[in-house]
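1. Got a sequence here, can you build the structure:
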Amino acid sequence: MIKILLVEDDTSIVTTLTAFLKTEGFDVIWAPGQTTAMTKIENEAFELALIDISLKDGNGYAVCAAIKSQKPDIPVIFVTASGDEYSVVTGLDMGADDYISKPFRPREMLSRIKSVMRRTHKSSDIVELGPVKIDTTRANVSRNGEEIILSALEYRLLLLFANNQGVVLTRSKLLQDLWDVGGEYVNDNTLTVYIKRLREKIEDDPAEPTLIRTIRGFGYKAGE
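-> Have a look, this model is predicted:
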């Protein structure tokens with residue numbers, strides 16, 4: 001799973017973006033300010049950094065400089081609320097690979113992340129659920145080498161299960177996560193339909209599922 005260092009002091013953005021990126025197959029390491037970020041840079045492995053320029057504790061420029069000094073191959077995307085030319089130019093001159101202005105939509109951020117990772121030649125990250133392989137960089141799903149075509153909501157649902165293997169997910173949890181990250185209204189009946197469709201595409205026998213099992217009275221469980 002690709003790890004992203006998120007340096008941001010706005011907890012509402014952190015909560016929303018972390019939930020969204022998790023369903024898209026990323027793992028998020030959070031640092032609320034410069035001091036914590038410096039510790040994370042020293043002690044954590046990550047493949048990309050999202051850095052807010054304006055921080056209550058320090059600033060994003062110093063964090064970017066530390067990353068480019070210690071881990072020059074790690075791409076950096078600056079997040080700026082000002083959007084002024086000086087901030088953007090300064091960030092890019094320091095070695096940042098891209099920038100995005102607040103407010104932004106989560107899918108816009110996802111597009112920037114994937115674009116930067118392609119440009120910096122980061123390899124694809126594969127998440128597996130039994131014989132099902134999910135290439136989270138290309139949003140490609142295959143089973144035993146054959147591509148599976150999923151709708152956007154089916155893909156997000158599959159990632160939720162694949163990233164939480166061995167954990168019982170309640171229907172309310174699934175509904176909450178799908179609503180939070182997708183911006184689509186998903187009700188209880190719709191969830192049942194999408195789980196049925198997903199099983200028909202990934203299970204050997206959808207009537208006797210082994211990859212996504214129903215735990216009666218609780219919810220669903222993927223994997224062992």
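2. tell me which residues in stretch 189-204 are buried?
-> Within stretch 189-204, the residues scored as buried using 16 or more other Cβ atoms under 10 Å are 191, 194-195, 197-199, 202-203. For glycine as for every other residue, the C-beta is placed from the backbone atoms N, C-alpha and C.
3. Hmm, Lys22 is touching Trp30, no?
-> No. At 11.9 Å, Lys22 and Trp30 do not qualify as touching, with contact defined as Cβ atoms under 8 Å.
4. Reformat the buried residues of stretch 189-204 as CSV; add pLDDT, secondary structure and distance to Thr15.
-> Below are the buried residues of stretch 189-204 laid out as CSV (pLDDT from 0 to 100; DSSP: H, G, I helix; E, B strand; the rest coil; distance: Cβ to Cβ, whole Å):
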residue, pLDDT, secondary structure, distance to Thr15
Leu191, 90, helix, 22
Tyr194, 92, helix, 24
Ile195, 95, helix, 26
Arg197, 95, helix, 29
Leu198, 96, helix, 26
Arg199, 96, helix, 30
Ile202, 96, helix, 30
Glu203, 95, coil, 33
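5. With the flanking residues excluded, which residue is spatially nearest to Lys114?
-> Thr137 (6.4 Å; Cβ to Cβ, 6 or more residues apart in numbering).
6. Am I right that that neighbour is in a strand?
-> No. Looking at Thr137 with DSSP: H, G, I helix; E, B strand; the rest coil, it is coil, so not inside a strand.
7. so what are the domain limits for this structure?
-> Domain assignment for the chain, taken from automatic domain parsing, gives 2-119, 126-222.
8. rewinding a little: looking at it, the residue nearest to Lys114 is touching Val127, isn't it?
-> No. The pair Thr137 and Val127 fails to qualify as a contact (Cβ under 8 Å) at a distance of 10.6 Å.
9. Any regions of the protein where pLDDT drops low?
-> Flagging of the chain using pLDDT under 70 yields the residue ranges 1, 82-85, 121-124, 180-185, 224.
10. let's go with 80 and repeat that
-> 1, 81-88, 91, 118-125, 137-139, 177-186, 224 (pLDDT under 80).
11. What are the boundaries of the strands in it?
-> Ranges of strands within the chain are 2-7, 26-31, 48-52, 76-80, 98-101, 126-129, 132-135, 140-143, 146-148, 168-169, 212-215, 219-222, based on DSSP state E.
12. Turn the ones you listed into TSV, columns for mean neighbour count.
-> Shown next, in TSV, are those (neighbours: other Cβ atoms under 10 Å):
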stretch	mean neighbour count
strand 2-7	22
strand 26-31	19
strand 48-52	25
strand 76-80	23
strand 98-101	17
strand 126-129	16
strand 132-135	19
strand 140-143	18
strand 146-148	12
strand 168-169	16
strand 212-215	15
strand 219-222	20
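13. May I see these organised as CSV, with distance to Ala66 added?
-> Converted to CSV, the strands of the chain look like this (distance: least, Cβ to Cβ, whole Å):
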stretch, distance to Ala66
strand 2-7, 10
strand 26-31, 11
strand 48-52, 10
strand 76-80, 10
strand 98-101, 18
strand 126-129, 30
strand 132-135, 31
strand 140-143, 34
strand 146-148, 41
strand 168-169, 37
strand 212-215, 42
strand 219-222, 38
